[in-house]
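Student: output the structure for:
(one chain, ligands or ions: 1)
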Amino acid sequence: MYRLRFTTVVAAPLTVAFDVARALGRPWPFPLEEVDSVRPVRDLYAAGPHRGWRRLTHERRFTASGAGTVVEEQVAWETGLPGVLGRLVDRTVLRRRVRRAMCRHLDGYAAAAAVRALDVVQVVGAAVVRGDRVLVAQRGSGPLAGLWEFPGGKVEPGEDHLGALVRECAEELGVVVAPKDFLGEVLLDGSVAGGVPGTSTLRVWSARLAAGEPVAREHRELRWVCAGDLEGLDWIAADRPLLPAVRALLAP
Ligand SMILES: Nc1nc2c([nH]c(=O)n2[C@H]2C[C@H](O)[C@@H](COP(=O)(O)OP(=O)(O)OP(=O)(O)O)O2)c(=O)[nH]1
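Tutor: Predicted structure coming up:
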């Protein structure tokens, strides 16, 4: 099998990057029959030897990152032609056709995902760390009142995620935070602020206090908790998968 690898950073949360990849369909303009598909994670195509191809697999891996979603793709193929001629076709003709098709596809894909992301309500949160403690906040009103969360809120139209994070912390806590590392992304249940259900994500960064002392302007209570007290809080359920990454920040 011959292989090519492609890495694209898509300016969209993982949910959007995944859904758009699934909906866009195959990158190939050439006739290949789809024989097995777990789209968009793995697609296997085949064709008769007279078409030059025997088998082609297209695999994608999606990873949330601070810049959006990193999409790593691998395309592997082999020709149905035997011997030296087959190897030549694999190495030159088919490689060129795969590269051209993928480059065209990826340009359209990145643009489509970034545009789709504009329609999705996105939430950012800050795990503000001081020493061996992280700042957590208890919601004061609404259906999630009484549950604990990371300070933060919805990204406004045209705003970048870190800008939203700094603004939300200033509004909610009266402090200036300096975001540091991206900790992860989780899918939020149901509809957030009237958005399409099952599309919104919470993306969390670690941060440090750059100025001010946090005050609960919108929350019922703020608490600085150590690693051992993190799990025991009554968290918004969606946040729980992020706790191991936060806990790792607090390790001595
Ligand atoms: N800030 C924050 N929101 C979270 C977390 N986990 C979680 O499910 N959410 C949800 C709750 C809300 O549905 C949504 C955030 O909305 P929000 O009401 O806090 O946003 P906001 O500050 O922009 O609010 P507003 O200006 O519209 O009042 O995300 C979390 O850890 N932090």
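
Student: in the helix-or-strand element of the chain with minimal mean pLDDT, what's buried?
Tutor: Every helix and strand of the chain was ranked by mean pLDDT, DSSP states H and E. The lowest is helix 83-88, at a mean of 86. Buried residues in helix 83-88, counted by 16 or more other C-beta atoms under 10 Å: residue 86. Bear in mind the C-beta positions are built from the backbone N, C-alpha and C, glycine included.

Student: ok, now stretch 159-173?
Tutor: Per 16+ other C-beta under 10 Å, stretch 159-173 contains these buried residues: 161-162, 164-169, 172-173.

Student: for stretch 36-56, same thing?
Tutor: 39-40, 43-47, 52-56.

Student: what about that stretch, start to end distance?
Tutor: 11 Å (C-alpha to C-alpha, to the nearest Å).

Student: pLDDT averaged over that stretch - what is it?
Tutor: Stretch 36-56 shows a mean pLDDT of 84.

Student: contacts for it?
Tutor: Residues outside stretch 36-56 that contact it (C-beta atoms under 8 Å, 6 or more residues apart in numbering): 1, 18, 21-22, 26, 28, 30-35, 57-61, 75-81, 89, 93-94, 98.

Student: in strands only, show me those.
Tutor: Within the contacts of stretch 36-56, residues falling in strands by DSSP state E are 33-35, 57-61, 75-79.

Student: quick check: the farthest pair among these?
Tutor: Longest distance between any two of these is 25.7 Å, between 61 and 79; criterion C-beta to C-beta.

Student: more neighbours: which of these two?
Tutor: residue 79 (23 against 12; other C-beta atoms under 10 Å).

Student: okay, that one and the ligand: tell me how far apart.
Tutor: 50 Å (C-beta to the nearest ligand atom, to the nearest Å).

Student: so which bits of the stretch 1-150 of the chain are right by the ligand?
Tutor: By C-beta under 6 Å from any ligand atom, the residues of the stretch 1-150 of the chain that approach the ligand are 123, 125, 144, 149-150.
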